[in-house]
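Colleague: Can you look at this prediction? I've put the sequence above it.
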Amino acid sequence: MKDAAQRILEAAGQGGRVTVITGAGISAESGISTFRDSGGLWEENPIEEVATPEAFAANPSRVYDFYNARRAQLGTVEPNEGHRALVRLERLFGERFSLITQNVDDLHERAGAGRVLHMHGELYKARCVDCAGVVEWKEELSLADACGSCSGRMRPHIVWFGEIPFHLEKDIPAACNGCRVFFSIGTSGVVYPAAGLAGLVHAAGGLCVEVNLETSPGNPVFELQLEGPAGEVLPALADELESQSGC
Ligand code: BJW
Ligand code: ZN
């Protein structure tokens, strides 16, 4: 870990941008299922039944049930050491640090993260299908719920397949342009455009670091691969980065 931390600090330099993207793997140790691992969410819930606009149009109750169950479970889990270690990295790098997540849970925020760019939406929000108004939503959502402004149908504030992820116009490009160190943490890297961000940073000469239970062998984008549970790798990395920066 000593050498990894040294390479990261060298690449980040004095003013370089440090950007993190997280996926379902970082919340796995909190008890939230990933999507594509064995026993993952897609096994019992096929994508075409729960995570496309067409699925919502054809059978909204099925889609509401899927997200109602996940929203209810979210209230029973806590952030883990991986989420907390990223807050230490945010403190270390300050304004130079950005956090993008594909996750729809709020565990980064509950661990103490500042600004989190939720590119695939948020479980604790609902959106009006007609006027696109977004509201906090911690309860069950159903066909009976109507928008407070225009009486339209409410849907989960989630980016389904075929829909355009959030923050792509300004904040995600700002986090990735000129980024010197990019961390890809707990994601299988198969869903685009999220999966393409590391490649953009690599092409522009930034150091890309993969943290995963099983790192991707031979992927030329990731010059540094730290294999293991995020809840163990990230605190160890934060210890080294803090110690080598004299914090
Ligand atoms: C650990 C660990 C531990 C475990 N420690 N690690 C061909 C056909 C059709 C469509 C496409 C196509 N090619 C591209 C597309 C587009 C499509 C896409 O990418 N499809 C591919 C699957 C082929 N993408 C889209 O449709 C996106 N929109 C789009 O492209 O719009 C067009 C456009 C974009 C930009 C500009 C202009 C136009 C939208 C994608 C929406 C994704 N939504 C979902 C579901 C909604 C959220 C929810 O319900 O929660 O988001 S899909 C699902 O996958 C979810 C996740 O955010 C996303 C990524 O999954 P993630 O996080 O990587 O989880 P897993 O399970 O895959 O991996 C977990 C990893 O953790 C594993 O690697 C483990 O090893 C690891 N792990 N425990 C560390 N303890
Ligand atoms: Zn409305």
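Modeller: Here it is on my side, so go on. Numbers count the residues shown, from 1 in each chain. Ligands and ions are numbered 1, 2, ... in the order given.
Colleague: How is the protein divided into domains?
Modeller: 2-31+79-120+165-245, 33-76+122-158 (automatic domain parsing).
Colleague: which of the ones you listed sits most buried?
Modeller: Scoring the domains of the chain by mean neighbour count under mean count of other Cβ atoms under 10 Å gives domain 2-31+79-120+165-245 as the most buried, with a mean of 19. To be clear about C-beta, it is placed using only N, CA and C from the backbone, and glycine gets the same treatment.
Colleague: tell me the average confidence for that one?
Modeller: The average pLDDT within domain 2-31+79-120+165-245 is 97.
Colleague: Quickly check: that domain near ligand 1 or not.
Modeller: Yes - using Cβ under 6 Å from any ligand atom, domain 2-31+79-120+165-245 reaches ligand 1 at 23-25, 28-29, 102, 104, 120, 165, 168, 186-188, 190-193, 212-214, 229-230.
Colleague: Out of these, which sit inside strands?
Modeller: N212 (DSSP state E).
Colleague: Would you convert the domains of the chain into TSV that also reports distance to ligand 2?
Modeller: Shown next, in TSV, are those (distance: least, Cβ to the ion, whole Å):
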stretch	distance to ligand 2
domain 2-31+79-120+165-245	18
domain 33-76+122-158	3
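Colleague: What about the residues of domain 2-31+79-120+165-245 next to ligand 1, which are in helices?
Modeller: Using DSSP state H, A24, G25, A28, A230 are the members of the residues of domain 2-31+79-120+165-245 next to ligand 1 that sit in helices.
Colleague: element containing E122, please.
Modeller: strand 121-128 (DSSP states H and E).
Colleague: Give me the phi and psi for the nearest residue to R36 once chain neighbours are set aside.
Modeller: Once flanking residues are discounted, R36 sits nearest to S188: 5.3 Å by Cβ to Cβ, 6 or more residues apart in numbering. Main-chain torsions, S188, degrees, to the nearest 10: phi -80, psi -10.
Colleague: beta partners for the spatially most central residue of the chain?
Modeller: Centroid-nearest residue in the chain, with Cα atoms, centre = their mean: T101, separated by 2.1 Å. According to DSSP bridges, the residues that bridge with T101 are T22, H118.
Colleague: switch to numbering from 54
Modeller: Sure, I'll start counting at 54 from here, so that last one is T154.
Colleague: Next, the contact list for it, please.
Modeller: Counting by Cβ atoms under 8 Å, 6 or more residues apart in numbering, T154 makes contact with I74, T75, G76, H161, V169, L170, H171, M172, H173.
Colleague: residues contacting the spatially closest residue to the last one that is not a sequence neighbour?
Modeller: If I follow you right, that is H173. Leaving out its chain neighbours, the residue that sits closest to H173 by Cβ to Cβ, 6+ apart is V212, at 4.4 Å. If you count contacts by Cβ under 8 Å, 6+ apart, V212 has them with M172, H173, G174, P218, F219.
Colleague: surely the second one meets P218?
Modeller: Right, the one you point to is H173. Yes - with contact defined as Cβ atoms under 8 Å, H173 and P218 form a contacting pair (6.1 Å).
Colleague: which residues are in contact with both of the two?
Modeller: V212, A247.
Colleague: Give the pairing partners of the strand holding E175; include direction for each.
Modeller: Strand 174-181 is paired, per DSSP bridges, with strand 187-189 (antiparallel), strand 207-211 (antiparallel).
Colleague: Columns distance to ligand 1 and mean pLDDT on top of these, output as TSV?
Modeller: Shown next, in TSV, are those (distance: least, Cβ to the nearest ligand atom, whole Å; pLDDT from 0 to 100):
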stretch	distance to ligand 1	mean pLDDT
strand 187-189	15	98
strand 207-211	5	98
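Colleague: Dump those to CSV, plus distance to R60.
Modeller: As requested, the strands paired with strand 174-181 are exported to CSV (distance: least, Cβ to Cβ, whole Å):
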stretch, distance to R60
strand 187-189, 40
strand 207-211, 36
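Colleague: Out of the ones you listed, the one nearest N133 is which?
Modeller: strand 207-211 (22.5 Å; Cβ to Cβ).
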